[in-house]
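In: prediction below, plus the sequence it came from.
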Amino acid sequence: TIERAFNDGSWLDQNGDMIQVLILQNYLFFGNASSCLRYIDSMFEEPLNIPDNVPLPPIPKVVIIDFAIVTGMDTSAVDVFAEIVTLCKTNSCQVYISGLSYNLRNILAMGGVSPSKSNDFKLLKYYHDFDTALGRAEDYLLSHVCNIAERERRTAEGNKIKRIHHGVDNGFLHALGSIDDQHGTDFACELSQLKDFVIPITIRPGETLFDVGRNDNCDGGLYFIEHGLMRVEQD
């Protein structure tokens, strides 16, 4: 859903099943809401008599329930969704609800189902639309399960220490290797000869690298990202 670094995207391609999605529709009452509860409960069950060569989906870390085309619900359905949140909490799984209308949000709130800092509903989050919920679910997996960003940060810190204490700078070579991995090319060895012409710079979160419209003295240049992401904004 979001343009991401190559390593992040590759990991999500392989582990995206840790996010499970339910798209609900029409009017919700006790019967069809209970079907949702049973289906989500089955995600956490250990299946029996399954051959070893049959791949099984992983236990979900995030369940997204989309209400965008739900027309209404009765109070008995609200109780079932409270059970769904409790079930997911027991299994350390986040619950993201998207597409709630103002009326449905009020109905859930009156039944005691609402995001809060309390233990029971701390893992419940509301999002305006499904795309936003899915993007946040991917962010959650990357930060809490995969932790690629932390590993990359440690690599960058290690490069920085080598640069300061030993005069060795392999950050540029690391960036070239990442580019080759992302695009399936093999230019790192040839381009490594440019290392002597590269100057390392540090950009803090929220800081602007350069502004073409406001800085006439900008030298431009070719930038290789050793660690992190850059965002391009256009007025």
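Out: Happy to help now that I have it. Residues are numbered from 1 along each chain as shown.
In: would you mind finding the longest strand in the protein?
Out: Ranked by number of residues, the top strand in the chain under DSSP state E is strand 62-73.
In: who's in contact with that one?
Out: Residues from elsewhere that reach strand 62-73 (C-beta atoms under 8 Å, 6 or more residues apart in numbering): 18-29, 33, 36, 40, 43, 81, 84, 88, 93-101, 103-104, 107, 129-130, 133-134, 137, 140-141. Where you see a C-beta, it was placed from the backbone N, CA and C, and this is true even at glycine.
In: and it, what's buried?
Out: Neighbour counts using 16 or more other C-beta atoms under 10 Å place 62-67, 70, 73 of strand 62-73 among the buried residues.
In: ok, now stretch 20-33?
Out: In stretch 20-33, counting by 16+ other C-beta under 10 Å, buried: 20-21, 24, 28, 33.
In: so how far is it off the chain centroid?
Out: The chain centroid and the centroid of stretch 20-33 are separated by 25 Å, computed with C-alpha atoms, centre = their mean, to the nearest Å.
In: follow-up on the earlier one: can I get the buried residues of strand 62-73 in TSV with distance to residue 49 and pLDDT?
Out: As requested, these are exported to TSV (distance: C-beta to C-beta, whole Å; pLDDT from 0 to 100):
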residue	distance to residue 49	pLDDT
62	28	96
63	26	96
64	30	97
65	30	97
66	33	97
67	36	96
70	36	95
73	37	93
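In: which one among the residues you listed gets closest to residue 4?
Out: Residue 4 lies nearest to residue 62 out of the buried residues of strand 62-73, by C-beta to C-beta, at 16.4 Å.
In: so which of the buried residues of stretch 20-33 are in helices?
Out: Residues of these located in helices (DSSP state H): residue 33.
In: and of the buried residues of stretch 20-33, the nearest to residue 210?
Out: Nearest to residue 210 out of the buried residues of stretch 20-33 is residue 21 (C-beta to C-beta; 40.3 Å).
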